[in-house]
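J.: Any chance you can model this:
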Amino acid sequence: MDLHCDCYWFTYLFKVFLTVKQGTVVVITVFGKFRRILRPGLNMKIPFIEAIFRRISIQNRSVELEFQAITVDQANVYFKAMLLYAVLNQEKETIINVAFKFVDERSVMQALTRTVEGSIRGFVATKKQSEILTVRREIVEDVKDQLDKTLENWGYHLIDLQINDITFDEEITKSMAKVVASNNLKAAAENEGQALLITKTKAAEAEGNAIKISAEAERLAAQLRGQGVALFREEVAKEMSLAAKEMQLANLDTNVILFSMWVEALKHFAEQGKGNTIFLDGSTDSMKRTMEQLLSITQQQQK
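T.: Numbers count the residues shown, from 1 in each chain. Modelled structure (predicted):
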């Protein structure tokens, strides 16, 4: 009899005391109606009256998603994503929503994943295939904006949505690769053309500057040669005038000067000819004509 009583009290105490693990809470009901929430640690409940309705984890939970969406230009896009969510908080109203909004955890998971997939599909349906890869962050932000209010009513919070992979049909992937390759070739051709244009331009500028410098040097040289010839003629005229005046003062014929110039010219021809044949009329009449021409030039310079 005593042994039977001990077992009874032991069973009674076992039903009275309840341990709740860290990171979870327990929802207690009385005859099917919500009564209270048990926090982590050692708790007491009334046996046979209070019943454990559900243990709810308040830790972060994750789920992987794989689904398909269609863009506005009818391209298939395949997504692989990771969804991180948790119970919103440990407040009474939140725990009640988590415990009684859905039948079980599986229903919660199904509703959450389908809602996320639907939100992403709705966003992708407004974009073109060429825009999808550049709007990854916008997709995440749009889903969070749409789901935060809904999940709050369920008692949950979307912590993070990571889109890990975005792929297309094989034909679209090949065409995208061809587009990228052609764009790269186009950019390379444009860069090569620009480089060639710069090279040709610089070469033309250098050639033009060289021609300009050469022409300027030639112009300066011609100017200096002209000035040299003019100075030479001026000096010759001055010396001939002085020589003629001195010969006149000495009562000598000035034609001697012209004769000596004629002889010096013949000597210069002979020395500088370098084997070339020079024909000169050495007759008396020819010398007379030459003397008259030189004399006329001298008279014009004196005037």
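J.: Quick check: what element follows the lowest-mean-pLDDT helix or strand in the chain along the chain?
T.: None of the helices or strands of the chain scores lower by mean pLDDT, DSSP states H and E than helix 2-16, at a mean of 58. Under the assignment DSSP states H and E, the closest C-terminal helix or strand after helix 2-16 is strand 17-20.
J.: Check which strands are paired with that following strand and give the direction for each one.
T.: Strand 17-20 sits in its sheet next to strand 41-44 (antiparallel), going by DSSP bridges.
J.: Next secondary structure element downstream of the strand it pairs with?
T.: strand 50-57.
J.: Around residue 167, how many other residues sit close by?
T.: Counted with other C-beta atoms under 10 Å, the neighbours of residue 167 add up to 13. Yep, even glycine has a C-beta here, placed from its N, CA and C like the rest.
J.: Revised request: answer the last question for residue 149.
T.: 8.
J.: Kindly report the same for residue 81.
T.: Burial of residue 81 is recorded as 22 neighbouring residues (other C-beta under 10 Å).
J.: isn't it right up against residue 69?
T.: No: counting by C-beta atoms under 8 Å, residue 69 is not a contact partner of residue 81; they are 11.2 Å apart.
J.: any common contacting residues for those two?
T.: residue 120 (C-beta atoms under 8 Å, 6 or more residues apart in numbering).
J.: Relative to residue 156, how far out is residue 188?
T.: Residue 188 sits 52 Å away from residue 156, going by C-beta to C-beta, to the nearest Å.
J.: For the helix or strand residue 142 falls within, give me every contacting residue.
T.: According to DSSP H and E, residue 142 maps onto helix 136-154. Outside helix 136-154, the residues that touch it by C-beta under 8 Å, 6+ apart are 85, 88, 97-98, 101-102, 108, 111-112, 115-116, 119-120, 123-124, 157-158, 161-163, 166.
J.: That one: which residues count as buried?
T.: Of all the residues in helix 136-154, those buried under the rule 16 or more other C-beta atoms under 10 Å are 139, 140, 142, 143, 144, 146, 147, 151, 154.
J.: Now distance to residue 92 and pLDDT too, for those residues, in TSV please.
T.: Below are the buried residues of helix 136-154 laid out as TSV (distance: C-beta to C-beta, whole Å; pLDDT from 0 to 100):
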residue	distance to residue 92	pLDDT
139	35	86
140	31	86
142	32	85
143	29	85
144	26	85
146	27	81
147	23	83
151	18	86
154	15	89
